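Visitor: Here's my sequence, what's the structure:
(one chain, ligands or ions: 5)
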Amino acid sequence: MSTIDDKATEVPEDAAGESAETVPPEQEKEEVAEKKEINKGLVIFVFIAAFVASLIVGWILFPMVLYTQENQPIDFNHALHLEEVENSCESCHFFREDGSYAGVPKLAQCVDCHDEVMGDDLDELAFVENYVQKNIEVPWLIYSQQSDCVFFSHAAHVKAAKMDCVSCHGDIGESTSLKVYEKNIITGISRDIWGKNIGGIKLHSWDRMKMNDCAKCHKEETGNQGACFQCHK
Ligand code: HEC
Ligand code: HEC
Ligand code: HEC
Ligand code: HEC
Ligand code: HEC
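Guide: Ligands and ions are numbered 1, 2, ... in the order given. Sure, this is the predicted structure:
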């Protein structure tokens, strides 16, 4: 039964006055109200469906297309090595004489122990045969590498401000395996400079490290967030 047909048959009857076949006004109102309810329900349903669809696109599909995943050339177990080295993190990640940060370790930090294969771990075998014995540096993918326009100093944070590695890098120092490296296909930059929670929810200080997060801590620690050229040289 369609609305147009109803109206077409009802209008002439109304014009001709009361008729026995006319639908009582009360019932008619109820029908209209019911239709409105259904329409409202439909609108809400369509809205929610579109909202959920856009969330899926925005949070799952878009990041899936935006980032390519690459594995590190070999895996590395931080927890295992922390028991072997004498000087904790600094055995491999240290400040040079001039105060600059050595960052990701070079073969020189490994060869004293790994000049020969020690165990039966396949990553160690690959490391010794493909890199140590051929004297080739491991092409590590650097998770936190900023773009060239951003200046960052470990000395200012670790030495002067006495900050812990964990507050910016999370628990990678205690991990048993390196995670997958995710590269943004548009900027070519690692996903980790923004942290895993680009969208916002921040449970730990290391979940997100966008410009505003750097600036927020600067404001809290020093009272002002600093001029642009402090971080962009
Ligand atoms: C035996 C050497 C060694 C020791 C000791 C060591 N690391 Fe590492 N670390 C590595 C290697 C190898 C990598 C892999 C490089 C990479 O991430 O591309 C790495 C990567 C990292 C990274 C990721 C850097 C990046 O952005 O890619 C962080 C952060 C880090 N280490 C922190 C620590 C902390 C904190 C400690 C002490 C609790 C520690 N490491 C102890 C060798 C070491
Ligand atoms: C103080 C000695 C020492 C130093 C320095 C050291 N390692 Fe190791 N490494 C070990 C020992 C011990 C093992 C365990 C050997 C086994 O049973 O396979 C190991 C295991 C490994 C393995 C296999 C397990 C894993 O981590 O996935 C890799 C790969 C490795 N080392 C890479 C490195 C690299 C790269 C460096 C330099 C950044 C380095 N090691 C520096 C002692 C050392
Ligand atoms: C205030 C935050 C902060 C703290 C604290 C911090 N880092 Fe970093 N780290 C960064 C940023 C940002 C980068 C990227 C720097 C760049 O691209 O110039 C980085 C880069 C690195 C890298 C890779 C550098 C490279 O180019 O090879 C390593 C390794 C690393 N950090 C280890 C550590 C360790 C170990 C500690 C503790 C001693 C530490 N960081 C403390 C923020 C921090
Ligand atoms: C949790 C707090 C915190 C975070 C996060 C942080 N900083 Fe800082 N930063 C500091 C403090 C404190 C100082 C001042 C250190 C001092 O006393 O010189 C500082 C100093 C600096 C300086 C000045 C260094 C110099 O030699 O003049 C630069 C540049 C800088 N931060 C860049 C960054 C960047 C880029 C990020 C984000 C990737 C960042 N910071 C994240 C606390 C933080
Ligand atoms: C505390 C350090 C800090 C300060 C101060 C700062 N920035 Fe940034 N800025 C960053 C970091 C880290 C990034 C890269 C991460 C990101 O995009 O959020 C960045 C990224 C940017 C980008 C994006 C460019 C690119 O290559 O991705 C622009 C544009 C920018 N900053 C402009 C500014 C301007 C303008 C100011 C002054 C009002 C300023 N920044 C102050 C740290 C800082």
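Visitor: Quick check: nearest residue in space to residue 76, chain neighbours excluded?
Guide: residue 178 (5.3 Å; Cβ to Cβ, 6 or more residues apart in numbering). For glycine as for every other residue, the C-beta is placed from the backbone atoms N, C-alpha and C.
Visitor: Show me what from this protein comes close to ligand 5.
Guide: 146-147, 149-150, 193, 210-211, 214-215, 218, 225-226, 228, 230-232 (Cβ under 6 Å from any ligand atom).
Visitor: Please state the backbone phi and psi of the residue nearest to residue 76?
Guide: phi -80, psi 140 (degrees, to the nearest 10).
Visitor: List the residues that contact it.
Guide: 72, 75-76, 172 (Cβ atoms under 8 Å, 6 or more residues apart in numbering).
Visitor: so how far is the helix of greatest length in the chain off the chain centroid?
Guide: Longest helix in the chain, counting residues (DSSP state H): helix 25-55. Taking the mean of its C-alpha atoms, helix 25-55 sits 37 Å from the chain's own mean (Cα atoms, centre = their mean, to the nearest Å).
Visitor: Stretch 113-125 too?
Guide: The answer for stretch 113-125 is 34 Å, by Cα atoms, centre = their mean.
Visitor: Please apply the same query to stretch 107-123.
Guide: The answer for stretch 107-123 is 33 Å, by Cα atoms, centre = their mean.
Visitor: and that stretch, is it in reach of ligand 2?
Guide: Yes. With Cβ under 6 Å from any ligand atom as the measure, stretch 107-123 is seen reaching ligand 2 through 109-110, 112-114, 118-119, 121, 123.
Visitor: any idea which element the residue of the chain found nearest ligand 2 lies in?
Guide: As assessed by Cβ to the nearest ligand atom, ligand 2 sits closest to residue 119 within the chain, at 2.3 Å. Following DSSP states H and E, there is no helix or strand that holds residue 119.
Visitor: Need the residues of stretch 107-123 next to ligand 2 in a markdown table (columns: pLDDT, secondary structure and neighbour count).
Guide: Compiled in a markdown table, the residues of stretch 107-123 next to ligand 2 are given as follows (pLDDT from 0 to 100; DSSP: H, G, I helix; E, B strand; the rest coil; neighbours: other Cβ atoms under 10 Å):
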| residue | pLDDT | secondary structure | neighbour count |
| --- | --- | --- | --- |
| 109 | 94 | helix | 16 |
| 110 | 96 | coil | 18 |
| 112 | 92 | helix | 7 |
| 113 | 94 | helix | 12 |
| 114 | 95 | helix | 16 |
| 118 | 91 | coil | 11 |
| 119 | 89 | coil | 7 |
| 121 | 93 | coil | 14 |
| 123 | 95 | helix | 15 |
